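**Q** predicted model follows, preceded by the sequence.
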Amino acid sequence: MVFFQGLGLMNEILTIKDLSKSFGAVVASDKVNFSLKQGEIHALIGPNGAGKSTLIKQIIGEIKQDSGSIFLDNLEVSKCHVPERIRLGLARTFQITNVISDFSVFQNLLLAVIGIEKKEFTFFSKAENNKLIVRKVSNVLEETNLLDKKDEIAARLSHGERRQLEIGLALALEPKVILLDEPMAGLSVDIIEKMKKSFTNIKARVPILLIEHDMNVVFAIADRISVLVNGRVLATGTPRDIKMNAEVRTAYLGKE
Ligand SMILES: Nc1ncnc2c1ncn2[C@@H]1O[C@H](COP(=O)(O)OP(=O)(O)OP(=O)(O)O)[C@@H](O)[C@H]1O
Ligand SMILES: [Mg+2]
């Protein structure tokens, strides 16, 4: 059994070493060490202003760290520009994405997959008949729970379904990791349930760094949790470890 773990089932895909960033007197990241392993959802929690979003922005390269380093699949990316990091396999979703409103869910995903396949499809219909491409689109539809919405025009999707499509578009690029900053914010309870299931599907292929304020969601789906307070990682562990951690309870969970 130990041997299986040694085979790399839980390999680190993203590794952050001693990352620090200050905005004037505010220390947003204070020697942060963090990792994301194959097959896991690693939730990053902490009070408002703790530095969670700033950490994701440094990972993707929107904000430059003052010191420390970021490795993706053992390759240092901390000095790369954003497009280079995306090309190497970092993905995040943005509020403004490339969703084409009058295309169906299927067609939107098809375009994204065609983009990474780098094949020339003069006509959409050719791609639609390509088995590999259609299989990739179907996988994403399944992972994001959008199979029953595949022929829906994107403009007609609900707020939650659109959020799922945005995540699907990120997944269609076949990233090595996906970074999600409060993806459930503002969604209804039943959509949140769907998203929880979807994240559990996705993590098998792409590990997820999840920033989330809803502790019910975090404790239900995270494999590991890191607690960030004042830019510092207070603790990292299983949901059970974190729940029992006295320091975490005093600094954060106890207040909820
Ligand atoms: N561009 C910036 N310039 C100056 N200060 C910033 C900047 N971005 C973030 N900060 C500060 O850094 C700290 C961390 O902010 P950050 O947005 O990372 O927190 P957060 O944990 O994501 O909070 P929330 O849960 O409210 O989203 C805060 O004190 C914030 O005001
Ligand atoms: Mg934030």
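**A** Done, it's in. Ligands and ions are numbered 1, 2, ... in the order given.
**Q** secondary structure element holding whichever residue of the stretch 1-150 of the chain sits closest to ligand 2?
**A** Nearest residue of the stretch 1-150 of the chain to ligand 2: S53, at 3.1 Å (Cβ to the ion). (C-beta placed from N, C-alpha, C; glycine too.) Take DSSP states H and E as the rule and S53 turns out to sit in helix 52-60.
**Q** with just CA atoms, put that helix into PDB.
**A** Extracted in PDB, the C-alpha atoms of helix 52-60 (Å, rounded to 0.1, in the frame of the first residue of the first chain):
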ATOM      1  CA  LYS A  52      -6.000  34.300  -0.600                       C
ATOM      2  CA  SER A  53      -6.700  36.100  -3.900                       C
ATOM      3  CA  THR A  54      -3.300  37.700  -3.900                       C
ATOM      4  CA  LEU A  55      -1.800  34.200  -3.700                       C
ATOM      5  CA  ILE A  56      -3.700  33.000  -6.700                       C
ATOM      6  CA  LYS A  57      -2.800  36.200  -8.600                       C
ATOM      7  CA  GLN A  58       0.900  35.500  -7.900                       C
ATOM      8  CA  ILE A  59       0.500  31.800  -9.000                       C
ATOM      9  CA  ILE A  60      -1.000  32.900 -12.300                       C
END
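**Q** next, the buried residues of the helix or strand that it is followed by.
**A** Downstream of helix 52-60, the first helix or strand assigned by DSSP H and E is strand 67-72. Within strand 67-72, the residues scored as buried using 16 or more other Cβ atoms under 10 Å are G68, I70, F71, L72.
**Q** chain center to strand 67-72, what's the gap?
**A** Averaging C-alpha positions (Cα atoms, centre = their mean, to the nearest Å) puts strand 67-72 18 Å from its chain's average.
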